[in-house]
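In: test case, fold it:
(chains A and B)
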Amino acid sequence: MDKRTIGVEVSIAIAEAVAQADVDLIAAYPITPQTHIVEHLSELVAEGRLDAEFVPVESEHSAMSVCCGSSAVGARTFTSTSSQGLALMAEIFFIAPSMRLPIVMALANRSLSAPLSIWNDHSDVMMVRDAGWIHIFTENGQDSYDNIFCSFRIAEDPAVMLPVAVNVDGFILTHMIEPIKYVSDKLVKKYLPEFQMKDALHPDSPLSMGCFAMPEIYTETQKAREEAVLGSYDVVVRAWKEWGELTGRNYSPVETYRTNDADICYVTMGSLSENAMMAVDALRNKGEKVGLIKIRLWRPFPFNDFFSAVNGKAGLIVIDRAMSFGGPGGPLALELRSALYGKQSAPQIVNFIAGFAGRDVTRDDFMSIMIEAKTRFAKDDTSGYVFYGVRE
Amino acid sequence: MNTIPIYAPLLLDKKEYLTSGHRACQGCAEALAVRLVMKALGRDTIVAMATGCMEIISSSLPTTAWQVPWIHVAFENAPAVITGCESGMKAMMRKKKIREKKINFVSMGGDGATADIGMGQLSGAMERGHNCIYICYDNEAYMNTGIQRSSSTPYGATTTTTPAGHDTIGQMTNKKNMPKIAVAHEIPYVATACPSYPFDLIRKLKKASEINGPAYIHIMSVCPTGWRIDPDEAIKYGRLIVESCVFPLYEVENGEYYINYIPEKIPVKEYLKGQGRFRHLKESDIGRIQERVDKEYSSLLKIAKTGDSSECK
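Out: As a prediction, this is how the structure comes out:
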């Protein structure tokens, strides 16, 4: 394996991974903060370093539509978007998994309007949570780079054939320069075989895709979609395991940090996890038994991994970077609460909404959150949620 | 008639790529148009279709009327989907992942998909210069949802969202000129056609498939249901719309207009009468329509040369 470690902007590393994966088509429409990804890909194509069609479309809706066409003919297909772009492509975003098209997308997570904000939170991805894509959250530059390869591998597995979104926190990750260990093309070839689509559109074997369904059959198509998403779990785990064997970098659906003897754990997704780890270290130094649970695989949701991770814990502090307005709180907390509902000796959950639109959630914030959470645990006041850090 | 089995195969592919058994209304000229289009293009064709009548009637799971690879994704995006197919295959052929082959990449939609909701995506596909054909099947309203107006609905037509009433004539504005918008993109080939002139339609589709770059074909597809005519009158009204010069048959090659058929020019009234959607029109309304048709047609004649008219008789 190539041990080159290069200080590089994470977006550039993601684009390099896409190129190393030898994609056939990239559909691109500019939106901050994903722009550097497709800009770099366009340079790689222009320089002849990547033999792919670069299709600069007129909207994100078209970007996803072009991806559907490209993927349907069996071409390895990539796109990238953010926020309003995702909102605009949402219609087609829902159609792609139903048609079992293995598109890979880097989703540079960003808040939704209004007010207009270009910075990071998870409002955008949560809007399309239920579409049937496989969702992976990355924590730093290295795993953003690595997970591009894993995503193609998962998406194109004949047992899966679903699109995969690699969720990368906008700016916080996309625009950060980090030391990235690149893998060799040889390793990529070994890990990611050439894509051969079994049922691609081709005149030699005509088939109809995306048909119209009467009520007699629509339900069955949706059950098939659900089974495909659930069934992808084993492939995801296998893909990460093999990546770990090749590179020594291991990923799993739910990851834990200092949780063995912990009573209270933070639960986070994405780049927040790194600050949370620092807070855990600081609290551990003070003798507090705290840990961190990171949800890396958001869909299909890894229920069993989660149950194992929280086994024996007294309380969970779930930090959401999105909100279900007028609902029970953040999407992560509501999901975890419902997963634990009715379970014997389930941990209590307090939910904090924090880090909207790029507002920092620092180590000290995590420590303040711990103090507030402990008060709530003590008072047995764990329903609802806390909008953290609001100036009132 | 005896000669038809001898000569017809020489003129036309005997194979059907849109097969019978689909669910179109009786007398649907759009289904006929699609059938003829597919005969002209042949088996090495990939079709991306917009949501609409034709998708609904031809692809009901678990059946399909399509004998060529066919994909439907959504309403407004057939041109983008087909450019994805075209570009994806181009890359794979270049990289020797699949065998080289000439394939016609065709996207299709009705007038709503073309002139309204999908116009941005059609414009994008034409502007980017993909080697794809776009076909608009224009029946002048959103027919399968219950005859609502589109921007391709002609002045004076009553629809369920522009009903003629005491205070209104029905559709208040003139039909959007989609072929002209396509021409403005400076693409190599734009044409109008109508299945009432089948050989002209086939010739134009064949030409479009030979051209390198985007082609736009606007096909007038009479809808007996929406036009409130009898199912056996679709071909007749296709002829009347051309004969009255409401819908002239022409083609535009690299910006040069060629008119394919200069009819005797019957009064527009001959075309309007008998259609339920125009039955409320007064003489003065018809006069206004005639005036506009005259103006449009004479400006077309001014810029057009006489083109191939062999298939229009």
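
In: the helix or strand hosting residue A:332 - what's its average pLDDT?
Out: Per DSSP states H and E, residue A:332 falls inside helix A:331-340. For helix A:331-340, the mean pLDDT works out to 97.

In: run the chain-centre distance for that helix.
Out: Offset of helix A:331-340 from its chain centre (Cα atoms, centre = their mean, to the nearest Å): 17 Å.

In: quick check: next helix or strand after that helix?
Out: Assigned by DSSP H and E, the successor of helix A:331-340 is strand A:348-353.

In: contacts made by that following strand with the rest, please.
Out: For strand A:348-353, contacts defined as Cβ atoms under 8 Å, 6 or more residues apart in numbering or on different chains pick out A:314-323, A:329-330, A:333-334, A:336-337, A:340, A:369, A:372-373, A:376-377, A:380, A:382, A:384-388. C-beta here means a position set from N, CA and C on the backbone, and glycine is covered the same way.

In: and the angle from it to helix A:331-340?
Out: Orientation check (axes from the mean of the first three to the mean of the last three Cα atoms, to 10 degrees): strand A:348-353 against helix A:331-340 gives 160 degrees.

In: now the helix or strand just after strand A:348-353: buried residues?
Out: Scanning forward in sequence from strand A:348-353 by DSSP H and E, the next helix or strand is helix A:363-379. Neighbour counts over helix A:363-379 (16 or more other Cβ atoms under 10 Å in any protein chain shown) mark A:363, A:365, A:366, A:367, A:369, A:370, A:373, A:374, A:376, A:377 as buried.

In: in a markdown table: these, plus pLDDT.
Out: Listed next are the buried residues of helix A:363-379 as a markdown table, based on pLDDT from 0 to 100:
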| residue | pLDDT |
| --- | --- |
| A:363 | 97 |
| A:365 | 98 |
| A:366 | 98 |
| A:367 | 97 |
| A:369 | 98 |
| A:370 | 98 |
| A:373 | 98 |
| A:374 | 97 |
| A:376 | 97 |
| A:377 | 97 |
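
In: taking chain A, what residue is nearest to chain B?
Out: residue A:69 (2.5 Å; Cβ to the nearest Cβ).

In: ok so that residue is a helix residue?
Out: Yes: assessed by DSSP: H, G, I helix; E, B strand; the rest coil, residue A:69 belongs to a helix.

In: these two touch, right, it and residue B:89?
Out: No: assessed by Cβ atoms under 8 Å, residue A:69 is found out of contact with residue B:89, at 9.4 Å.

In: and those two? Which one has more around it.
Out: residue A:69 (34 against 28; other Cβ atoms under 10 Å in any protein chain shown).

In: quick one: the strands in the stretch 101-250 of chain B, in order.
Out: Taking DSSP state E, counting those that start in this stretch as the test, the strands found in the stretch 101-250 of chain B are B:104-110, B:132-138, B:189-193, B:215-220, B:250-253.

In: do you know which of these lies nearest chain A?
Out: That would be, of these and by Cβ to the nearest Cβ, strand B:104-110, which comes in at 8.9 Å.

In: report the inter-axis angle for the closest one versus strand B:132-138.
Out: Computed by the same axes, to 10 degrees, the angle between strand B:104-110 and strand B:132-138 is 20 degrees.

In: correct me, but residue A:92 touches residue B:73?
Out: Yes: with contact defined as Cβ under 8 Å, residue A:92 reaches residue B:73; the gap is 6.4 Å.

In: what do those two both touch?
Out: A:65, A:68.

In: more neighbours: the two, which one.
Out: Taking other Cβ under 10 Å, residue A:92 and residue B:73 do not tie; residue B:73 has more neighbours (30 against 26).

In: now tell me what touches stretch B:164-183 from outside.
Out: By Cβ under 8 Å, 6+ apart, stretch B:164-183 touches B:111, B:114-115, B:119, B:123, B:126, B:134, B:136, B:138, B:140, B:149, B:151-159, B:162-163, B:190-192, B:216, B:218, B:252, B:255, B:277, B:280-281, B:285, B:292.
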